[in-house]
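Peer 1: The sequence and its predicted three-dimensional model are supplied below.
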Amino acid sequence: CFLLFLLSSSSSSSQIHQVLKPDGVFIGAMVGGETLYELRCSLQLGETEREGGFSPHVSPYTAVTDLGNLLGQAGFTMLTVDTDEVQVHYPGIIEVMTDLQGMGESNCAWNRRSMLNRDSILAAAAIYKEMYGSEDGSVPATFEILYMIGWKPHESQAKPAKRGSANVSFADLSQIGQPPNTNKF
């Protein structure tokens, strides 16, 4: 979340640009997107079953498209955003939630219930094991890692070719790698 704040704040983006040399690169990684979808789903179903509704208990994460847009708004060029998925197996939902709390990744939303009811946790634990559990009794927690690269603009960077300056047609691309037609009748 801090990185998003950093990129979306105009004063912060100017600070990043001040730190980087011309044609300097900004490289970062963060969790995002579909991180912890198993836990989210299980908590929502368990809380809905026991309390008739649910409140988010895991912080929202950034989508890939949002990250690219934020990097662009911060003034970076030649952007690259890539994803990787890492799955960690835990004995149960309590261990997943304990690790998240230890990492400071419990929900920071102000409009949520502050406590999760014990019955809701038990229901969510059963749902988690039933829907996602492995044969060995463990449950997976999936983390989507977003990697980002952006360059500080500089006149030495490669520029796109002028529109209409191509000397090869896309129609000719299908003929690449084929032997030339030498049959003349």
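Peer 2: Done, it's in. Given the structure is predicted, the values throughout are model-derived calculations rather than measurements.
Peer 1: Residue 157 - how many residues pack around it?
Peer 2: If you count neighbours by other C-beta atoms under 10 Å, residue 157 ends up with 12. Yep, even glycine has a C-beta here, placed from its N, CA and C like the rest.
Peer 1: in the chain, which spans are helices?
Peer 2: Secondary structure of the chain by DSSP state H: the helices cover 2-8, 10-19, 37-51, 64-73, 93-102, 118-132.
Peer 1: Least confident of those helices, on average?
Peer 2: Lowest mean pLDDT within the helices of the chain: helix 2-8, at a mean of 47.
Peer 1: tell me, what residue is most central in this protein?
Peer 2: Compute the mean C-alpha point of the chain, and by C-alpha atoms, centre = their mean the closest residue is residue 32, 3.0 Å away.
Peer 1: Redo the helices of the chain as TSV? Include distance to residue 152 and mean neighbour count.
Peer 2: Listed next are the helices of the chain as TSV, based on distance: least, C-beta to C-beta, whole Å; neighbours: other C-beta atoms under 10 Å:
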stretch	distance to residue 152	mean neighbour count
helix 2-8	14	15
helix 10-19	6	13
helix 37-51	35	19
helix 64-73	11	17
helix 93-102	34	16
helix 118-132	42	17
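Peer 1: mind checking how far stretch 140-152 is from the chain centre?
Peer 2: Centre-to-centre, stretch 140-152 and its host chain are 5 Å apart (C-alpha atoms, centre = their mean, to the nearest Å).
Peer 1: Show me what counts as buried in it.
Peer 2: Buried residues in stretch 140-152, defined by neighbour count with 16 or more other C-beta atoms under 10 Å: 141, 142, 143, 144, 146, 148, 150, 151, 152.
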